[in-house]
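Visitor: Quick one, what's the 3D model for this:
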Amino acid sequence: MTSPARSLLRTPAPGKEIDLPARMVGEGFQIAARTQKTYVATGAPVVFFDVLSDDGERIGIANAILEPRSEAVAGIGHVCVTLNEAHASAELLTQVADVLVDYALDSGLREVMIVVPQSHADSVEACCRLDPVSSGATHLGHGVEGQVYMYRR
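Guide: Below is the predicted model of the structure:
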């Protein structure tokens, strides 16, 4: 899955902070909000999360860009999950991404986009398991081809 480059983020302006979500719990994992940044291109909040095992070990990171316009996050997507190599599996990616897609939709987005490089087989499989309303090919730059998945509930 793809996430925004640091150059596309900044510290939120005073008064522009949002309430970070409470810890979200899945089967065998937890997602804890860590910090907020602002997506420079649109001013939308970006929430960064730690993905934790049930015993509190950090097993990955994630983010959600709460930008209502999908075209504004084209090439990046709204949600990104990266798991540590020892915990990487399509099944866990699917479960974590599902919780974050729900979070983004509950935060007011009408649709959620996830963008993945085609070469990341576990991410492609996870996105397909989430039953997207649409999907298609995209070019991510530097010769990297990707897939775009859209979700609505």
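
Visitor: Quick check: mean pLDDT of stretch 51-69?
Guide: The pLDDT scores in stretch 51-69 average 96.

Visitor: Quick one: residues in contact with that stretch.
Guide: Residues outside stretch 51-69 that contact it (Cβ atoms under 8 Å, 6 or more residues apart in numbering) are 3-4, 18, 28-32, 39, 42, 44-50, 73, 76-84, 86-87, 96, 100, 103-104, 107-110. Where you see a C-beta, it was placed from the backbone N, CA and C, and this is true even at glycine.

Visitor: Next SSE downstream of the lowest-mean-pLDDT helix or strand in the chain?
Guide: Within the chain, no helix or strand scores below strand 134-141, which has a mean of 92 by mean pLDDT, DSSP states H and E. Next helix or strand after strand 134-141 toward the C-terminus (DSSP states H and E): strand 144-151.

Visitor: Around P4, count how many other residues there are.
Guide: 19 (other Cβ atoms under 10 Å).

Visitor: can you check the one 5 residues further on too?
Guide: For L9, the number of neighbouring residues by other Cβ under 10 Å comes to 19.

Visitor: How confident is the prediction for the closest residue to it other than its chain neighbours, by pLDDT?
Guide: Spatial nearest neighbour of L9, excluding adjacent residues (Cβ to Cβ, 6 or more residues apart in numbering): K37 at 4.1 Å. The score at K37 is 97. That number is its pLDDT.

Visitor: before we move on, what about G75?
Guide: Taking G75 on its own, its pLDDT is 87.

Visitor: show me where this structure has helices.
Guide: For the chain, the helices defined by DSSP state H cover 90-106, 121-129.

Visitor: Give the bridge partners for the residue found closest to E17 once you drop the neighbours it is linked to in the chain, please.
Guide: Take E17 and drop its neighbours on the chain: the residue closest to it by Cβ to Cβ, 6+ apart is Q36, 6.0 Å away. On the basis of DSSP bridges, Q36 is bridged to V47.

Visitor: Thought L20 was touching Q36, still the case?
Guide: Yes. In this structure Q36 lies within contact range of L20 using Cβ atoms under 8 Å: 6.5 Å.
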